[in-house]
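In: give me a model of this one.
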Amino acid sequence: MNDEGELCLVPGTMGLRDVVTFSSPGTHQFEKADYPWLARVRVEAQGAGGGSGGADSDPGEAIFRPGGAGGGWSSSLIDVALLGAVETIVVGAGGAGGTANQPGVAGGNSSFGGLVVAPGGDGGTASMTTGTGMTTASGIPGPFGGSGQLAQGGGAGEGAIRLSGTSGLAGMGGASHLGHGGYGRATNGPGTSARGWGGGAGGSVSVNGSAQAGVDGGGGIVIVELYG
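Out: So this is what the prediction gives:
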């Protein structure tokens with residue numbers, strides 16, 4: 001209160017006033033002038049997860065695919081003086097799943113200007129060939145942390161194993177800071193979907209010539225907390 005009994009709001013002391021979330025893949029804009037009371041922002045960016053590869057075995061044989069990697073995560077508390085008039089926000093799209101015997105696609109990066117960047121996870125490979133003998137396919141390394149005051153890399157996609165022409169295990173998708181990867185399936189079927197934001201897709205399984213597609217990784221997200 002001032003001497004005249006009026007309620008005054010002191011910039012920088014009002015705390016959290018609003019949260020703006022960007023979850024649609026693509027490019028968005030954050031305009032500082034829309035929030036004249038703004039003192040600082042806390043930005044959290046989650047990169048998108050990688051998709052899993054497709055599988056198409058020969059009759060009487062089988063293929064098991066690894067999971068895609070989870071996306072990285074970054075966060076920063078930024079004073080309003082360090083913000084440009086307009087900051088470009090990018091939300092990474094989940095990497096596409098492969099068809100036939102094609103690998104999955106990497107997930108997209110998510111970012112808030114050049115201040116906070118979170119990398120996407122790589123897609124699952126399609127290196128295992130059709131067959132009945134025991135074999136394995138390596139997992140997918142997770143991305144390193146991006147740029148920000150706090151940064152964390154994404155989880156690795158699990159490898160896959162074939163035990164015979166009918167049995168084995170596809171890889172789980174890698175976890176992210178804000179999501180979980182798809183589960184590792186042991187039965188004939190498509191890749192498995194991530195939960196939350198930025199998880200990698202689980203691997204597909206093709207048994208006895210049944211073509212199965214991979215699935216998309218989890219999409220990214222950018223969360224902006226506005227402090228007055």
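In: between the two ends of stretch 66-83, how far is it?
Out: Across stretch 66-83, the terminal residues are separated by 41 Å (C-alpha to C-alpha, to the nearest Å).
In: again, but for stretch 181-194
Out: Terminal residues of stretch 181-194 lie 4 Å apart, using C-alpha to C-alpha.
In: any stretches of this structure with poor pLDDT?
Out: Across the chain, the ranges flagged by pLDDT under 70 are 1-3, 5-12.
In: now Phe30. Nearest residue, chain neighbours left out?
Out: Closest residue in space to Phe30, ignoring its immediate chain neighbours: Glu87 at 4.6 Å, by C-beta to C-beta, 6 or more residues apart in numbering. Bear in mind the C-beta positions are built from the backbone N, C-alpha and C, glycine included.
In: number of residues surrounding the one you found?
Out: For Glu87, the count of nearby residues is 21 (other C-beta atoms under 10 Å).
In: equivalent analysis for Pro190, please.
Out: What Pro190 shows, counting by other C-beta under 10 Å, is a neighbour count of 22.
In: could you do Thr13 as well?
Out: Counted by other C-beta under 10 Å, the residues lying close to Thr13 total 9.
In: list the contacts for it?
Out: Neighbouring residues of Thr13 by C-beta atoms under 8 Å, 6 or more residues apart in numbering: Gly228.
In: and Arg185, by the same measure?
Out: The neighbours of Arg185, taking C-beta under 8 Å, 6+ apart as the test, are 169-170, 192, 202-205.
In: show me which of these is closest to Leu82.
Out: When the contacts of Arg185 are compared for distance to Leu82 (C-beta to C-beta), Gly202 wins out at 39.9 Å.
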